[in-house]
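*Asks:* Give me coordinates for this.
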Amino acid sequence: MEPEKSTEAANQPTEAEAGDSIDPRELVSSDDEIDYSVEPEFYDPDLDDVDERWVNRQRKGRTSDAVLSCPACFTTLCLDCQRHDKYVNQYRAMFVCNCKVKTDQILREGKGKRKKPQGEGC
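*Replies:* Numbering: from 1, shown residues only. Below you'll find the predicted structure:
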């Protein structure tokens with residue numbers, strides 16, 4: 001059983017950030033304000049077909065197990081990949097694009113905590 005709300009409190013208009021009184025019963029969804037009879041300015045129904053033709057030209061008929069993208073910015077890095085035979089969640093890039101190798105830097109693996117093999121003592 002829910003406690004009864006006072007009808008006076010429910011009928012009170014709320015204060016908006018700008019200081020205007022807004023009656024919550026008059027609020028409408030933003031979907032109600034969209035005019036679906038007008039075609040959106042930035043929508044092109046043929047754009048997906050154009051993009052698909054571009055990708056097919058880039059791949060030159062080759063098939064791929066995956067398309068690799070940068071996890072930070074989603075830039076396409078490889079359109080032709082092979083899945084690793086043993087480790088199915090790993091892929092090898094065959095032809096890379098949008099990537100530059102910094103040959104003047106040497107990266108070394110950091111010295112972090114090593115996990116102890118299970119079964120050994122505390």
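*Asks:* Identify, by residue count, the longest helix of the protein.
*Replies:* helix 47-59 (DSSP state H).
*Asks:* Any chance you could list what contacts that one?
*Replies:* 79, 80, 97 (C-beta atoms under 8 Å, 6 or more residues apart in numbering). Yep, even glycine has a C-beta here, placed from its N, CA and C like the rest.
*Asks:* Need the per-residue pLDDT for the first one.
*Replies:* So that's residue 79. With respect to pLDDT, residue 79 scores 80.
*Asks:* follow-up on the earlier one: from the contacts of helix 47-59, which ones fall inside strands?
*Replies:* In strands, defined here by DSSP state E, the members of those are 79, 80.
*Asks:* before we move on, back to that, report all helices and strands that the following helix or strand past the longest helix of the chain contacts.
*Replies:* Next helix or strand after helix 47-59 toward the C-terminus (DSSP states H and E): strand 68-69. Strand 68-69 is packed against strand 76-83, with contacts defined by 3 or more C-beta pairs under 8 Å, 6 or more residues apart in numbering; DSSP states H and E.
*Asks:* Only the buried residues of the strand it packs on, if you could.
*Replies:* Under the neighbour-count criterion of 16 or more other C-beta atoms under 10 Å, strand 76-83 has 77, 78, 79, 80, 81 buried.
*Asks:* if we can go back for a sec, from the contacts of helix 47-59, which is closest to residue 44?
*Replies:* Using C-beta to C-beta, residue 79 is the member of the contacts of helix 47-59 that lies nearest residue 44, at 22.7 Å.
*Asks:* so the closest one touches residue 65, yeah?
*Replies:* No. Using C-beta atoms under 8 Å, residue 79 makes no contact with residue 65, being 11.1 Å away.
*Asks:* out of the buried residues of strand 76-83, what pair is the most spread apart?
*Replies:* So, these by C-beta to C-beta: farthest apart are 77 and 80, at 10.8 Å.
*Asks:* Now the common contact residues for these two.
*Replies:* residue 93.
*Asks:* pLDDT weak spots in this structure?
*Replies:* By pLDDT under 70, the low-scoring segments of the chain are 1-32, 112-122.
*Asks:* again, only using 80
*Replies:* In the predicted model, the chain carries pLDDT under 80 at residues 1-43, 45, 55, 58-65, 111-122.
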